[in-house]
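# task: produce atomic coordinates for the following.
(chains A and B)
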Amino acid sequence: MVRPKSKFLNALARGLGDHLEKDNILREYEAHIDEILLESLDCNDEEEMMNRLVSRLGSPDEIVQMWKEELSVTPSNMKWLFILLNIVLFCGGSLLTLVHNLYEWDWITKVWNYLTAIPTLIAFLYMFFWALLGYEIGRGFGHGGRRLLRTTFLLSLIPNLTLMILTVFEVIPHGWFAPLLTKTFIVACIVFTMVLYPISWLGYRWGRKASI
Amino acid sequence: MFNRELVKGSTSLILLQLLNERNMYGYELVKELEKRSDHGLSVKEGTLYPALHKLEKQEYIDCYWQEQEKGPARKYYRITEAGRELLREKTREWQDFVKVMNKVIGRSNHGTAEE
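Residues are numbered from 1 along each chain as shown, chains lettered A, B, ... in the order given. Okay, the predicted model is just below:
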């Protein structure tokens, strides 16, 4: 009954493509199939044996689907997803500021005025983004997500710190952020930045609870 | 047979519970699960490995290969301290849930009887 085993493993191998962990995964299924074969002496032919394998293990397609889902959640994917999201938010804000200051377009001025009238709401929405970052890492990587959270947080913070430095040293003219750049707003920005990590950490703890 | 989604949602908790008792390899886990549940909880055996991989990625379990005198090497899984901690937390949560559900179901049966 070697053929049903090879057929099953070949179908799995094809479905898994050239993933790095493919050999280890197949090795484990091979050991499992060997155990099933040992207790399937009642199977009379290869077709019956193949049906037994599929009924106990699930079809190769089903298994491959589950593995694809599992292997798609990698620390690297998660890290870059959030870093890129933060960059997109920053680029969006920077572009809006730049266009608003360089061109006198009415609709941009309207958007700018609308957004600068609700800084607290925007700050809270942004804090939600950091909480979500922590939550998703906790949910996907559980206890193993601690290091990933730290790395992702530090890398994602680069645009924030760069903007702060450029503003403090007036590389970006303060006038560009009018009427936002008041003393209260600067203090609020510093406080919000300081609480970003605790917020992400709380999100992570929450996500960890949902990790299994 | 129980609802498939219910079993799927409890698989990780069951695996952690079994591994909390001793280190086991995949096939052994399946057999132990069947034995403990009188064949009431059966999962597609092939779907167990992605679930174990996820728990390993989350550092709730780790693994090692062990050569056998006869037959191919087996991959053994073992629970970590973080896994034990999570198991305690989830078991408590599960027991509380069952307690509340029993109360609710008991109360609704009572209500139906009175009607």
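
# hey, let's count contacts and neighbours off CA atoms from now on
Fine.

# now the most centrally placed residue in chain A. Its backbone dihedrals?
Taking C-alpha atoms, centre = their mean as the criterion, residue A:78 is the residue nearest the geometric centre of chain A, at 2.8 Å. Main-chain torsions, residue A:78, degrees, to the nearest 10: phi -60, psi -50.

# okay but it is in contact with residue A:137, surely?
Yes: look at residue A:78 against residue A:137 with C-alpha atoms under 8 Å: they come within range, at 7.3 Å.

# now residue A:171: phi and psi?
Per degrees, to the nearest 10, the backbone of residue A:171 is at phi -70, psi -40.

# neighbours of it, how many?
Each residue near residue A:171 was counted by other C-alpha atoms under 10 Å in any protein chain shown, and the total is 10.

# also residue A:89?
By other C-alpha under 10 Å, the residues close to residue A:89 number 13.

# before we move on, what about residue B:86?
Using other C-alpha under 10 Å, residue B:86 is surrounded by 21 other residues.

# now do the contacts for residue A:58.
Taking C-alpha atoms under 8 Å, 6 or more residues apart in numbering or on different chains as the criterion, residue A:58 is in contact with B:44-47.

# reformat those residues into TSV and put secondary structure, pLDDT and neighbour count next to each item.
Listed next are the contacts of residue A:58 as TSV, based on DSSP: H, G, I helix; E, B strand; the rest coil; pLDDT from 0 to 100; neighbours: other C-alpha atoms under 10 Å in any protein chain shown:
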residue	secondary structure	pLDDT	neighbour count
B:44	coil	88	15
B:45	helix	93	21
B:46	helix	93	26
B:47	helix	90	20
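
# out of these, who's nearest residue B:4?
The shortest gap between residue B:4 and any of these belongs to residue B:44, at 10.3 Å (C-alpha to C-alpha).

# who's in contact with that closest one?
By C-alpha under 8 Å, 6+ apart, the residues touching residue B:44 are A:55-58.

# try it again with 6 Å
Counting by C-alpha atoms under 6 Å, 6 or more residues apart in numbering or on different chains, residue B:44 touches A:56-58.

# work out the gap between the strand or helix carrying residue B:7 and the centre of the chain.
Using DSSP states H and E, residue B:7 falls within helix B:4-21. Computed by C-alpha atoms, centre = their mean, to the nearest Å, the chain-centroid distance of helix B:4-21 equals 2 Å.

# buried stuff in that helix?
Residues of helix B:4-21 classed as buried: B:11-20 (neighbour count, 16 or more other C-alpha atoms under 10 Å in any protein chain shown).

# export those residues to CSV and tack on pLDDT?
Formatted as CSV, the buried residues of helix B:4-21 follow (pLDDT from 0 to 100):
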residue, pLDDT
B:11, 89
B:12, 91
B:13, 92
B:14, 93
B:15, 95
B:16, 96
B:17, 96
B:18, 96
B:19, 97
B:20, 97
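
# quick one: the most centrally placed residue in chain B from chain A, how far?
Per C-alpha atoms, centre = their mean, the C-alpha nearest to the average position across chain B is that of residue B:14, at 1.0 Å. As defined by C-alpha to the nearest C-alpha, to the nearest Å, residue B:14 lies at a distance of 11 Å from chain A.
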